[in-house]
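Student: A predicted structure for the sequence below; I have some questions about it.
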2 protein chains.
Amino acid sequence: MKRTTRTRARIPRKTVYRLSIYFRCLNRLQNNGLQTVSSEALARAAGVKPTQLRKDLAHFGQFGTRGLGYDVAQLSKMISDVLGNQTLQPVVLVGAGNLGTALVSYGGFAREGFEIVAAFDVDPTRPRGRCPVPIHPMERLADFVRDRSVKMAILCVPAAVAQEVANQLFAAGLTGVLNFAPIVIHAPEDVIVNNVNLAIELENLSYFIQDE
Amino acid sequence: MKRTTRTRARIPRKTVYRLSIYFRCLNRLQNNGLQTVSSEALARAAGVKPTQLRKDLAHFGQFGTRGLGYDVAQLSKMISDVLGNQTLQPVVLVGAGNLGTALVSYGGFAREGFEIVAAFDVDPTRPRGRCPVPIHPMERLADFVRDRSVKMAILCVPAAVAQEVANQLFAAGLTGVLNFAPIVIHAPEDVIVNNVNLAIELENLSYFIQDE
DNA sequence: AATTGTGAATTGATTCACAGCT
DNA sequence: AGCTGTGAATCAATTCACAATT
């Protein structure tokens, strides 16, 4: 079935995450002039097992040709449709300290369909590196989010105020947070929080390399 | 060495990850003067279910007192021992662009037991914000890692060269990589790679918030 | 001959339910 | 009475194995 009317079935988060990886691999293959690719080859590029790739895709329909493989362009298109990353999503950044300012300057987001439309900070004038978007005072945050219907924020404020700032965001109708503050954010049911904790990532690494 | 004879049982990565979270919560509780805490309360702080917390801890032994809860200081100590984060781990940063430079400046690592001892870049002299550690040319990377027995690297180079740089690191004996390059790094068996892909995190968020 | 798509089997993680301490 | 520790049950994700298709 072509997945037209489908009430989107609940897709495991890990699958969605891997979809993003497949997408990037496919784009690379496409740039290299590849027309078709087998689950074997694509899986190797993505660092997963071929069956996992096939199971992941099975959530959305049938896209391959038996005996042949997948059409690179077509599969790439379908993933892009599923992820909805053809529409540019506006994002606000909250907390323009070291890390926050760097993330705005970092080209990685814009290149992939996200635009950081504004930054907010308790002290917009404190000295910092060149910041390519306007930095507003925190007082403007709630209205900005509401008026522009911003749905996602990157949160880079200190741990001590993170929950409070997050609450303001939720109250203003925002539903997705990429949280860099090293603290667990408690959020309403309908809000998604993805955490990126750099210290924990290192700590984790450090634990596992001790095994050898 | 610590950890006596017990061949360390294989602990699920997710458990280790949560241990890091519990640790931070415990420290906060300790600062607030708490002596003991129940699995119920600590779990709430950490955003997990009480049984999960207890199961996680069960991997390492018994630490609680029935009817009472856990001794905050003691539990914190045991987690710190398990994670091995009482010893300062030297880390190198490779790729001092926007993101790389920011990560060095970001206080978050030092505060948690990791010291970025040096940075490396193809062009150490290109203009960038103030960087608190010396930036060496790439040519010095392999020798530095070998000579100082550095075990972990933060990789912030462009995708196109990430695999190649990683190979140099592996050849020099490094066994842990925190990879920010938006590409899958293929590594030898005994090496651990943890990926942080900021664009994918946003993409993932954006997928799930569309559901409401 | 090659390769997908998928039920069945397996492995792993989470949660339940309650016995056992303090 | 309160709360931990854990075997059993459940739920979820991965992998196997092979029938189906080009």
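Tutor: Everything's here; your move.
Student: from now on I want contacts and neighbour counts done on CA atoms only, so please keep to that.
Tutor: Will do.
Student: by mean pLDDT, flag the weakest helix or strand of chain A.
Tutor: Least confident helix or strand of chain A, by mean pLDDT, DSSP states H and E, is helix A:98-105 with a mean of 90.
Student: now the angle from it to helix B:98-105?
Tutor: Angle of helix A:98-105 versus helix B:98-105, following axes from the mean of the first three to the mean of the last three CA atoms, to 10 degrees, is 180 degrees.
Student: what residues does helix A:98-105 touch?
Tutor: A:93-94, A:116, A:128-129, A:131-133, A:155-156, B:98-99, B:102-103, B:105-106 (CA atoms under 8 Å, 6 or more residues apart in numbering or on different chains).
Student: kindly recompute the last result at 6 Å.
Tutor: Helix A:98-105 has contacts (CA atoms under 6 Å, 6 or more residues apart in numbering or on different chains) with A:156, B:99, B:102, B:106.
Student: please apply the same query to stretch A:183-197.
Tutor: A:159, A:163, A:175, A:176, A:177, A:178, A:179, A:180, A:182.
Student: make JSON lines out of the contacts of helix A:98-105 and add distance to residue A:73 and neighbour count.
Tutor: Putting the contacts of helix A:98-105 into JSON lines (distance: CA to CA, whole Å; neighbours: other CA atoms under 10 Å in any protein chain shown) gives the following:
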{"residue": "A:156", "distance to residue A:73": "37", "neighbour count": "23"}
{"residue": "B:99", "distance to residue A:73": "31", "neighbour count": "22"}
{"residue": "B:102", "distance to residue A:73": "36", "neighbour count": "25"}
{"residue": "B:106", "distance to residue A:73": "40", "neighbour count": "17"}
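Student: just flag the most distant two among these.
Tutor: By the measure CA to CA, A:156 and B:99 form the most distant pair in those, at 14.0 Å.
Student: what angle do the next helix or strand after the least confident helix or strand of chain A and helix A:98-105 make?
Tutor: For helix A:98-105, the following helix or strand on the C-terminal side (DSSP states H and E) is strand A:114-121. Strand A:114-121 and helix A:98-105 meet at an angle of 150 degrees, taking the same axes, to 10 degrees as the criterion.
Student: now the element after strand A:114-121, going C-ward?
Tutor: Downstream of strand A:114-121, the next assigned helix or strand under DSSP H and E is strand A:135-137.
Student: list the neighbouring strands of that following strand plus their orientation.
Tutor: Strand A:135-137 has its sheet partners listed here by DSSP bridges as strand A:114-121 (parallel).
Student: next, the buried residues of the strand it pairs with.
Tutor: Of the residues in strand A:114-121, A:114, A:115, A:116, A:117, A:118, A:119, A:120, A:121 count as buried by neighbour count, 16 or more other CA atoms under 10 Å in any protein chain shown.
Student: now, which of the residues you listed sits nearest chain B?
Tutor: residue A:114 (8.0 Å; CA to the nearest CA).
Student: who's that closest one bridged to?
Tutor: residue A:89.
Student: surely it and residue A:92 touch.
Tutor: No. Between residue A:114 and residue A:92 no contact is recorded; they are 10.1 Å apart, counting by CA atoms under 6 Å.
Student: if we can go back for a sec, ok now the least confident helix or strand of chain A, how far from the chain's centre?
Tutor: 16 Å (CA atoms, centre = their mean, to the nearest Å).
Student: what do you get for stretch A:17-28?
Tutor: Offset of stretch A:17-28 from its chain centre (CA atoms, centre = their mean): 13 Å.
Student: does that stretch reach DNA strand D?
Tutor: No. Using CA under 7 Å from any atom of the strand, stretch A:17-28 stays clear of DNA strand D, with a minimum separation of 9.0 Å.
Student: which parts of that stretch are buried?
Tutor: Buried residues in stretch A:17-28 (16+ other CA under 10 Å): A:17, A:18, A:19, A:20, A:21, A:22, A:23, A:24, A:25, A:26, A:27.
Student: rebuild those as a markdown table, extending it with pLDDT.
Tutor: Formatted as a markdown table, the buried residues of stretch A:17-28 follow (pLDDT from 0 to 100):
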| residue | pLDDT |
| --- | --- |
| A:17 | 98 |
| A:18 | 98 |
| A:19 | 98 |
| A:20 | 97 |
| A:21 | 98 |
| A:22 | 98 |
| A:23 | 97 |
| A:24 | 96 |
| A:25 | 98 |
| A:26 | 98 |
| A:27 | 96 |
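Student: inside strands: which ones of these?
Tutor: For the buried residues of stretch A:17-28, membership in strands holds for none, with DSSP state E as the criterion.
Student: just to revisit the earlier point, just the buried members of the contacts of stretch A:183-197?
Tutor: Among the contacts of stretch A:183-197, those buried by neighbour count (16+ other CA under 10 Å) are A:163, A:175, A:176, A:177, A:178, A:179, A:180, A:182.
Student: in the residues you listed, find the pair that's most separated.
Tutor: A:175 and A:182 (19.6 Å).
Student: how about the residue lying closest to residue A:24 once chain neighbours are set aside, secondary structure?
Tutor: Spatial nearest neighbour of residue A:24, excluding adjacent residues (CA to CA, 6 or more residues apart in numbering or on different chains): residue B:183 at 7.9 Å. Classification of residue B:183 by DSSP: H, G, I helix; E, B strand; the rest coil places it in coil.
Student: quick one: residue B:183 and residue B:127, what's the gap?
Tutor: Relative to residue B:127, residue B:183 is positioned 26 Å away (CA to CA, to the nearest Å).
Student: what average pLDDT does stretch A:186-204 get?
Tutor: Across stretch A:186-204, pLDDT averages out at 95.
Student: which parts of it are buried?
Tutor: Neighbour-count burial for stretch A:186-204 flags A:187, A:191-204 (criterion: 16+ other CA under 10 Å).
Student: now, among those, which is nearest to residue A:70?
Tutor: Distance ranking of those against residue A:70, using CA to CA, places residue A:194 first at 31.3 Å.
Student: residues from chain A in reach of DNA strand C?
Tutor: Proximity of chain A to DNA strand C (CA under 7 Å from any atom of the strand) is limited to residues A:37-40, A:50-51, A:54-55, A:57-58, A:61-70.
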